[in-house]
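Next input, structure requested:
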Amino acid sequence: MKKIVILSLSLVLLLVLIPGCFTFQTSPTVTTPPAGTVPSSWVPTTNPVSLPTLVPASFAVTSVIANTEPRNSTGCFNLYANITTDGPGTVTYLWESTNGGGYSYTWTITFPTAGTQKITLPVDMSALPSGPYRVHVLTPNDVVSNSTYYATCAP
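Presented below is the predicted three-dimensional model:
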């Protein structure tokens, strides 16, 4: 019995003399409040995190139709297209030749809601060579319009 007491005292002294060598942990206690109540200690004391703006699950261009319309009585035409989307968002597009004759800068148009908006070939791009052109939507989805013939015309 003396040996057990001496051994126990030796272990206690060892633990006291060498702090940090041993750690003792207890399991955390989880408490569940009664149904329908929330303890005040569980209520956040800071402002809640703001939620992100909700956006449609998908935003897509559903239709692109290109055409020309008379610009004046001399036979000059404007190149235009109607772009239709299924919700709000921004569309990135360019005009491109279907026979390799050239393409325009990249443009964007914003749709505040689902619907159709008309785009036209800007005047500063009217130097594109005559030929068949279409609208190529790059984002939000890759869509191309029908091809329509455009003739370069002196202003």
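
any idea how far N78 is from T152?
T152 is 12 Å from N78, where distance means CB to CB, to the nearest Å. (C-beta placed from N, C-alpha, C; glycine too.)

more crowded one of these two?
Set side by side, T152 and N78 show more neighbours around N78, with 16 against 12, by other CB atoms under 10 Å.

contacting residues for that one?
Shown here is N78, whose contacts under the criterion CB atoms under 8 Å, 6 or more residues apart in numbering are T68, E69, P70, R71, T120, L121.

Beta-bridge partners for E69, please?
N78 (DSSP bridges).

OK, contacts around it?
For E69, counting by CB under 8 Å, 6+ apart, the contacting residues are F77, N78, Y80.

For V143, which non-adjacent residue is closest in space?
Once flanking residues are discounted, V143 sits nearest to V137: 4.3 Å by CB to CB, 6 or more residues apart in numbering.

okay, now that neighbour: neighbour count?
As a burial measure, V137 scores 21 neighbours (other CB under 10 Å).

my guess is it contacts V91, does it?
Yes: the pair V137 / V91 is scored as a contact, 6.0 Å apart, by CB atoms under 8 Å.

okay, and the common contacts of those two?
Common neighbours of V137 and V91 (CB under 8 Å, 6+ apart) are V61, I83.

What degree of burial does the nearest residue to D142 once chain neighbours are set aside show, as a neighbour count?
Nearest residue to D142, sequence neighbours excluded (CB to CB, 6+ apart): H136, at 7.9 Å. By other CB under 10 Å, 19 other residues sit near H136.

State the distance from H136 to T148.
Taking CB to CB as the measure, H136 falls 13 Å from T148.
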